[in-house]
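> need coordinates for the following:
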Amino acid sequence: MSDAITALANKRILVVGLGKTGLSCARFLHKQGIEVAVADSRDNPPGLEVLQQELPDIAVFVGSFNLEVFERAEVLIVSPGVSVNELQIQAAASRGAEIIGDIELFARLAEAPILAITGSNGKSTVTTLLGEMARMSGFNVEVGGNLGTPVLDLLEQPVPDFYVLELSSFQLETTSSLNAKVSTLLNISEDHMDRYNGLAEYIQAKTRIFNGDG
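Residues are numbered from 1 along each chain as shown. Coordinates of the predicted model:
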C-alpha cells in the first residue's frame with residue numbers, strides 16, 4: 001500500500017459530488033479498502049443508481065448538503081462540478097479538514113511522468129493529439145482527466161511511459177502537488193465567470209498547473 005493510501009486509511013473521507021468523477025473516486029477508494037461516504041446536493045445525481053448497485057454498503061447523502069455529514073469528514077474529495085466555496089466545504093476547511101480532488105489524489109499515486117494541458121479553448125484537441133502522437137512514436141501512454149477517462153481509473157492500467165491529462169480550472173483548484181513533467185496553458189479568455197470573482201481568480205486557478213519543478 002502506498003504512503004498516500006496509508007495516509008487516508010484511517011480517516012473519515014467524504015466524496016462531494018457524484019457523477020463520473022465522484023463514482024470513480026468511490027470505486028477507487030473502496031477497492032483500496034478505505035471507508036468512504038458520498039454527498040450530493042442533487043436529489044438524483046448521475047451515477048447514483050450505479051453506485052447503489054455496485055457499492056451498496058457506501059453511505060450516500062443526497063438532496064441539500066447536510067452540515068452534520070460534512071462536520072464528520074476529515075478529508076473531502078470534491079468533484080470539479082462542485083465549488084469549493086460552498087458553505088459546508090468552507091466550514092470543513094476552516095476546522096482543518098483537507099480539501100482535495102481526484103487529480104490531487106492521482107498526483108500523489110502516479111508512478112509515471114505527467115504531461116498536463118489546460119486552457120479556455122482547445123485543450124481536448126491538444127490532449128487527444130498529443131496522446132496519438134506519443135502512441136505513433138512508440139510510447140505507452142494513458143490519456144484522461146477532464147477528457148474521457150477519470151484519472152483514478154487510469155491507475156487500473158499498467159504503468160505507462162507517461163500520462164497525458166486535460167485539466168480544467170475546476171480540477172486545478174483542488175490540486176497542489178501535480179508537479180507535472182511538462183505543463184502548458186494554451187490560452188485564457190473569460191470563462192466560468194459564474195464560478196469565479198473575475199478573470200484574475202480564474203487565471204490563478206489555471207496557473208496552478210505550473211506548480212512544481214517540471
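> so what's the backbone phi/psi at Ile13?
Here the main-chain torsion angles of Ile13 (degrees, to the nearest 10) amount to phi -110, psi 130.
> show me what it is bridged to.
Under the criterion DSSP bridges, Ile13 forms beta bridges with Val36, Val75.
> make sure it is actually in contact with Val75.
Yes: using Cβ atoms under 8 Å, Ile13 is in contact with Val75, at 4.8 Å. C-betas here are computed from N, CA, C, even on glycine.
> now the closest residue to Leu186 other than its chain neighbours: how far from Pro113?
Distance criterion Cβ to Cβ, 6 or more residues apart in numbering; nearest residue to Leu186, sequence neighbours excluded, is Gly119 at 3.0 Å. If you measure Gly119 against Pro113 using Cβ to Cβ, to the nearest Å, the figure is 20 Å.
> more neighbours, those two?
Counting neighbours by other Cβ atoms under 10 Å for Gly119 and for Pro113 shows that Gly119 has the greater number, 23 against 14.
> contacting residues around that one?
Gly119 makes contact with Val126, Thr184, Leu185, Leu186, Asn187, Ile188, Lys206, according to Cβ atoms under 8 Å, 6 or more residues apart in numbering.
> can you do 6 Å?
Under the criterion of Cβ atoms under 6 Å, 6 or more residues apart in numbering, the contact list for Gly119 reads Leu185, Leu186, Asn187.
> now do Leu48
Residues touching Leu48, when contacts are defined by Cβ under 6 Å, 6+ apart, comprise Leu18.
> roughly how far apart are it and Ile99?
For Leu48, the distance to Ile99 under the criterion Cβ to Cβ works out to 23 Å.
> give the helix, strand or coil label for Val50.
Assigned with DSSP: H, G, I helix; E, B strand; the rest coil, Val50 falls in the helix class.
> how about it: what's its closest non-neighbour residue?
Leu23 (6.3 Å).
> I'd guessed that neighbour sits against Pro45; true?
No: with contacts defined as Cβ atoms under 6 Å, Leu23 does not count as touching Pro45, sitting 9.4 Å away.
> state the pLDDT value of the closest residue to Tyr202 other than its chain neighbours.
Sequence neighbours aside, Tyr196 is the residue nearest to Tyr202 in space, at 4.3 Å (criterion: Cβ to Cβ, 6+ apart). According to the per-residue confidence, Tyr196 scores 93 in pLDDT.
> quick check on Tyr196: phi, psi?
Note on Tyr196: its backbone torsions stand at phi -110, psi 150 [degrees, to the nearest 10].
> hang on, it packs against Ala205?
No: no contact is recorded between Tyr196 and Ala205 when judged using Cβ under 6 Å, the distance being 7.2 Å.
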